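# Sequence and predicted structure are below.
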Amino acid sequence: MNQIHGHEVLKMMLESGKTYTKPGLVAEIIAKFGPEARFHTCSAENLTAAELVAFLDSKGKLVAQPGGVQTSADLMCGH
């Protein structure tokens, strides 16, 4: 199983410059990393794309914008 750090998703968001709906973000994560991919963070592991989005949101890594959410480089931990 492919384990990907959540930072990769935040980087994807930053590089795209898009505002995502949460379901749209889940769909884009699955499209980029595959439906079987699982994600880990500094404090969680084996997350699905939907679970990762919920986790990032709960940790304040997603910033509400008109029409959805974005992230910011200053919200990423530095490792």
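That came through fine.

# ranges for the helices of this protein?
6-16, 22-33, 49-58 (DSSP state H).

# Just want the angle from the shortest one to helix 6-16.
I take that to be helix 49-58. 80 degrees (axes from the mean of the first three to the mean of the last three Cα atoms, to 10 degrees).

# Summarise which helices and strands helix 49-58 is packed against.
helix 6-16, helix 22-33, strand 38-40 (3 or more Cβ pairs under 8 Å, 6 or more residues apart in numbering; DSSP states H and E). Any C-beta I mention is one placed from the backbone N, CA and C, and that applies to glycine too.

# Excluding covalently adjacent residues, which one is nearest to the residue most central in space within the chain?
The residue lying closest to the centre of the chain (Cα atoms, centre = their mean) is Val9, at 4.2 Å. Computed as Cβ to Cβ, 6 or more residues apart in numbering, the closest residue to Val9 that is not its neighbour in sequence is Ile29, at 5.8 Å.

# which intervals of this structure have sub-threshold pLDDT?
Scanning the chain for pLDDT under 70 picks out 1-2, 78-79.

# how about 50 then?
Across the chain, nothing is flagged by pLDDT under 50.

# Gly24 contacts Gly68, doesn't it?
Yes. Gly24 lies in contact with Gly68 (Cβ atoms under 8 Å); the separation is 6.9 Å.

# So for Ala73, which of the helices of the chain sits nearest?
Closest approach to Ala73 among the helices of the chain is made by helix 6-16 (6.0 Å; Cβ to Cβ).

# who are the neighbours in contact with the nearest residue to His7 once chain neighbours are set aside?
Distances taken as Cβ to Cβ, 6+ apart place Met76 nearest to His7, at 6.0 Å, with adjacent residues excluded. By Cβ atoms under 8 Å, 6 or more residues apart in numbering, Met76 lies in contact with His7, Leu10, Lys61.

# Packed most tightly, which of the helices and strands packed on helix 49-58 would that be?
Mean neighbour count (mean count of other Cβ atoms under 10 Å) peaks for strand 38-40 among the helices and strands packed on helix 49-58, with a mean of 19.

# so how many other residues sit close to Gly60?
9 (other Cβ atoms under 10 Å).
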